[in-house]
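Visitor: show me the folded form of this:
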Amino acid sequence: MERPIGRGARTFGPVALKYAVIALFVTFAAFPFAWMLITTFKQTPDLLNPDNNPFWYNLPPTLSHLRVLAAAGLPNEEFLFVGFLPARSGERRRMLERLRIEERTMIFYEAPHRVAESIADAQEILGDRPACLAREVTKLHEEFLRGKLSQLAESLAERPARGEITLIVGPPEPSAITGQADSTQSLSDRVEELIRQAKLDRKEALKLAAKERGITRRAAYEQLVESKAKPN
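Guide: The predicted model follows:
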């Protein structure tokens with residue numbers, strides 16, 4: 001006996017059929033394109049190289065920092081996009097003080113008439129880190145300059161920068177971090193100085209001061225407690 005179609009019966013309606021047809025069409029339409037991309041990259045792996053792949057040269061300006069990061073030759077597993085540093089020297093130096101503890105590769109935008117001052121401040125505060133200076137990225141006169149911050153400063157002294165500037169600053173060497181501490185300054189004085197100058201909270205200031213001295217934050221905290229416990 002044939003079962004009548006009632007309210008509880010499931011039917012394959014016209015809306016579902018329409019979406020099924022659209023899904024099949026999109027799948028078959030995209031398959032040749034996807035296969036072409038896979039085959040192309042297998043046969044020409046150099047396309048993955050930013051210097052050989054024309055795609056990188058056609059990145060929109062908002063993504064140009066990614067091309068610089070790829071071509072800088074610096075660690076890029078993790079990075080921090082900072083953007084423009086403050087134009088005023090004092091504010092710029094305070095921001096760099098806050099970034100001194102940063103171990104990731106950092107990306108900055110800078111104006112050509114301020115880049116030499118920014119590099120000088122970065123070298124003094126962050127240390128002589130490896131870096132890459134790029135100008136006019138994704139444009140006809142694109143140029144990359146790689147080296148230590150001190151070497152970039154020397155190059156800019158001989159040939160001032162022009163055009164749009166992107167500055168990539170790599171992570172510090174472990175020995176460079178511990179070498180930044182002033183042996184004549186007490187830990188508590190350094191913490192207070194960082195709080196006052198770099199506008200850090202006490203926790204971050206202690207962490208940075210400990211890193212400069214090559215000790216853990218816990219050991220630095222214990223030193224602070226001991227110094228406060230000692231009579232003046």
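Visitor: all helices of this protein, in order?
Guide: Along the chain, the segments classed as helices by DSSP state H run 14-43, 54-57, 64-71, 89-99, 115-126, 149-158, 174-178, 187-197, 202-212, 217-229.
Visitor: the ones you listed: lowest mean pLDDT?
Guide: If the helices of the chain are sorted by mean pLDDT, helix 54-57 sits at the bottom with a mean of 45.
Visitor: verify the stated contact: residue 209 with residue 192.
Guide: No - the pair residue 209 / residue 192 is not scored as a contact, 9.6 Å apart, by CB atoms under 8 Å. Backbone N, C-alpha and C define where each C-beta goes, glycine included.
Visitor: between these two, point out the one with more neighbours.
Guide: Each of residue 209 and residue 192 has its neighbours counted (other CB atoms under 10 Å); residue 209 has more, 27 against 14.
Visitor: what about the more buried one, distance to residue 216?
Guide: Residue 209 sits 12 Å away from residue 216 when distances are taken as CB to CB, to the nearest Å.
Visitor: next, count neighbours for residue 66.
Guide: Close neighbours of residue 66, defined as other CB under 10 Å, add up to 17.
Visitor: how close does it get to residue 212?
Guide: In terms of CB to CB, residue 66 sits 32 Å off from residue 212.
Visitor: can you pull up the bridge partners for the closest residue in space to residue 75 that isn't next to it in sequence?
Guide: With CB to CB, 6 or more residues apart in numbering as the criterion, residue 75 has its nearest non-adjacent residue at 5.5 Å, and that residue is residue 105. Here residue 105 sits in beta bridges with residue 79, as judged by DSSP bridges.
Visitor: show the contacting residues for residue 105.
Guide: Residue 105 sits next to 69, 72, 74-76, 78-80, 168-171 when contact means CB atoms under 8 Å, 6 or more residues apart in numbering.
Visitor: which segments of the chain make up each domain?
Guide: 55-172, 180-229 (automatic domain parsing).
Visitor: neighbouring contacts of stretch 146-154?
Guide: So stretch 146-154 is contacted by 72-73, 116, 119-120, 122-123, 126, 128-133, 145, 155, 169 (CB under 8 Å, 6+ apart).
Visitor: just the buried residues from the residues you listed, in PyMOL please.
Guide: Buried residues within these, by 16 or more other CB atoms under 10 Å, are selected in PyMOL with:
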select buried, resi 72+116+119+122+123+126+128+129+130+131+132+133+145+155+169
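Visitor: measure the closest residue to residue 224 other than its chain neighbours to residue 167 for me?
Guide: Among residues not flanking residue 224 along the chain, residue 188 sits closest, at 5.7 Å (CB to CB, 6+ apart). Residue 188 is 34 Å from residue 167, where distance means CB to CB.
Visitor: settle it for me: which of the two has more neighbours?
Guide: Ranked by neighbour count (other CB under 10 Å), residue 188 and residue 167 place residue 167 first, with 27 against 15.
Visitor: who touches residue 136 in this structure?
Guide: Per CB under 8 Å, 6+ apart, neighbours of residue 136: 142-143, 163-164.
Visitor: right, I'll leave it there.
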